[in-house]
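Novice: Pasting the sequence and the predicted model now:
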Amino acid sequence: IEDGDEIEITSSEFSGKTRVKVTERLEPTSIYLPSHYGRMIPEQQTSYGVGLSQMDFVPFHIEPGYGGTMSQEVIVTVSKVGA
């Protein structure tokens, strides 16, 4: 996967396509989705219809040991579109 490629990201909850920006600032097997994009409410003008929402991919789970939510982490599959 190279800068500008279209990729598909899939979790148990959601699948979506976007363009990728490759950086050396992340561990190579990780991805980052800003939490403020991919909004579906037109009044959120800056982020409406732009990119993907990270929260669409994250299942709602309560950590059984201490009751905290796992609200930011999810394992996904990433594939290059058309490959």
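Specialist: Cool, got the structure. Numbers count the residues shown, from 1 in each chain.
Novice: Now Ser79: closest residue in space, sequence neighbours ignored.
Specialist: Here the nearest residue to Ser79 in space, its sequence neighbours aside, is Glu8; by Cβ to Cβ, 6 or more residues apart in numbering that works out to 5.3 Å. The way it works is simple: take the backbone N, C-alpha and C, and place the C-beta from them, glycine included.
Novice: And the strands in this structure, which stretches?
Specialist: In the chain, the segments counted as strands under DSSP state E are 6-10, 15-19, 77-80.
Novice: Single out the most deeply packed of the ones you listed.
Specialist: strand 6-10 (a mean of 16; mean count of other Cβ atoms under 10 Å).
Novice: Sheet partners, orientation included, of that strand?
Specialist: Strand pairing for strand 6-10, using DSSP bridges, gives strand 15-19 (antiparallel), strand 77-80 (antiparallel).
Novice: that older thread, quick one: contacts for the residue nearest to Ser79?
Specialist: Going by Cβ atoms under 8 Å, 6 or more residues apart in numbering, Glu8 touches Ser15, Gly16, Lys17, Val78, Ser79, Val81.
Novice: For it, which residues count as its bridge partners?
Specialist: Taking DSSP bridges as the rule, Glu8 bridges to Lys17, Ser79.
Novice: From Met70, how far off is it?
Specialist: As judged by Cβ to Cβ, to the nearest Å, Glu8 and Met70 stand 23 Å apart.
Novice: same check, this time on Glu43
Specialist: According to Cβ to Cβ, Glu43 and Met70 sit 29 Å apart.
Novice: With neighbour numbers in mind, choose between those two.
Specialist: Higher neighbour count among Glu43 and Met70: Met70, with 12 against 6, using other Cβ atoms under 10 Å.
Novice: Sweet, I'm off.
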